[in-house]
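Colleague: test case, fold it:
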Amino acid sequence: MEKAGFDVTIPIGGARLSFPGQVLGCNYSGDDPSIGHYLFLGSGDFHPIGLVLHTGKPLAMLDPYTGDAEEMSLQRIERILRQRFGLIMSVQDAQTFGILIGEKPGQMRRSLALRMKRMLAKHGKKGYLLAFGTCGSRIN
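Modeller: This is a model prediction of the structure:
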């Protein structure tokens with residue numbers, strides 16, 4: 001990109017991040033006021049949505065697996081969040097829930113998952129903890 005004339009910055013984030021430019025969970029500590037536009041290399045919408053909402057800056061997405069390139073616009077985020085809210089509302093009468101725990105470094109939030117399980121129990125609902133590692137999955 002620099003050879004094409006772009007000024008490229010790879011932000012350094014906080015202590016929880018292992019690599020420059022890494023986005024982990026909801027940690028966008030690498031944002032810098034001098035950055036005007038982000039390029040996200042990866043798949044999925046989770047991190048691009050969070051980065052745009054956190055920074056308010058434009059973001060282009062390039063998926064190295066499919067070769068797709070898209071812009072993560074505020075209009076797209078609004079549509080995705082409306083759909084997700086509808087899904088959340090559709091489970092309000094459910095009695096049983098799976099609580100997913102990622103076991104990748106920086107994603108393990110077992111204490112939060114246990115707190116969610118207790119909250120469900122307080123409301124007469126059942127929660128099951130489901131832990132997912134990097135090489136397969138297991139049920140706890």
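Colleague: can you say which helix or strand has residue 35 in it?
Modeller: Residue 35 belongs to no helix or strand when assigned by DSSP states H and E.
Colleague: correct me if wrong: it contacts residue 12.
Modeller: No. The pair residue 35 and residue 12 does not pass the contact test of Cβ atoms under 8 Å, sitting 12.0 Å apart. (Each C-beta comes from the backbone N, C-alpha and C, glycine too.)
Colleague: mind giving me the domain split of the protein?
Modeller: 1-91, 94-139 (automatic domain parsing).
Colleague: in TSV: those domains, plus mean neighbour count.
Modeller: Converted to TSV, the domains of the chain look like this (neighbours: other Cβ atoms under 10 Å):
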stretch	mean neighbour count
domain 1-91	13
domain 94-139	12
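Colleague: for those, give me TSV that also has mean pLDDT.
Modeller: Listed next are those as TSV, based on pLDDT from 0 to 100:
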stretch	mean pLDDT
domain 1-91	85
domain 94-139	83
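Colleague: all helices of the protein, in order?
Modeller: Per DSSP state H, the chain carries helices over the ranges 46-55, 74-90, 110-122.
Colleague: show me what the second one is packed up against.
Modeller: For helix 74-90, the helices and strands in contact under the criterion 3 or more Cβ pairs under 8 Å, 6 or more residues apart in numbering; DSSP states H and E are helix 46-55.
Colleague: and the contacts of the helix it packs on?
Modeller: 23, 26, 28, 31, 35, 38, 40, 57-59, 61, 72, 74, 77, 80-81 (Cβ atoms under 8 Å, 6 or more residues apart in numbering).
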